[in-house]
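> What follows is a protein structure lacking sequence information:
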């Protein structure tokens, strides 16, 4: 048992429960990570419930989508092919927008580097 001294009093003894308790910020962080793990696990379980051999999955794969993404979209849309297709299209549009944004940022960096190189050579 450890002993702490109070500011104006005699020694205060810490109980085992007080020793083991983590700071509040760490307890909150662990709750958040536990929630995140639960969400990811629920997603994995939902995807596992959709077979690659199912007719809706085969239909989406025949349209050119990856089997895993098709299963994921079907899990989120409760096996509704039209809604799953909308999810897949939205995912593709998001990916294309991110790629275009990254390319624009890279072009801007290269233009700045080129301009700096031009300035230093004069």
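In hand now; what should we look at? From a predicted model like this one, the values you see are computed outputs, not experimental measurements.

> From here on, just use CA atoms for contacts and neighbour counts.
Noted.

> Flag the shaky bits of this structure, pLDDT-wise.
Applying pLDDT under 70 to the chain flags residues 1-28, 118-122.

> make it 50
Applying pLDDT under 50 to the chain flags the ranges 1.

> And the strands in it?
Using DSSP state E, the strands found in the chain span residues 3-5, 11-13.

> Can you mark which positions in stretch 53-68 are buried?
Buried positions in stretch 53-68, judged by neighbour count with 16 or more other Cα atoms under 10 Å: 56, 57, 58, 60, 61, 65, 67, 68.

> Contacts for that stretch next, please.
Stretch 53-68 has contacts (Cα atoms under 8 Å, 6 or more residues apart in numbering) with 50, 51, 52, 70, 71, 74, 79, 80, 81, 85, 88.

> Just the ones in helices from the residues you listed, please.
Counting by DSSP state H, the contacts of stretch 53-68 place 70, 71, 74, 81, 85, 88 in helices.

> quick one: contacts for the fourth one?
Residues in contact with residue 81 (Cα under 8 Å, 6+ apart) are 56, 60, 74.

> from the residues you listed, which single one is nearest residue 112?
residue 60 (43.7 Å; Cα to Cα).

> distance of the closest one from residue 30?
Distance of residue 60 to residue 30, computed by Cα to Cα, to the nearest Å: 38 Å.

> for residue 112, same thing?
Per Cα to Cα, residue 112 is found 43 Å from residue 30.

> swap in residue 70?
Relative to residue 30, residue 70 is positioned 32 Å away (Cα to Cα).
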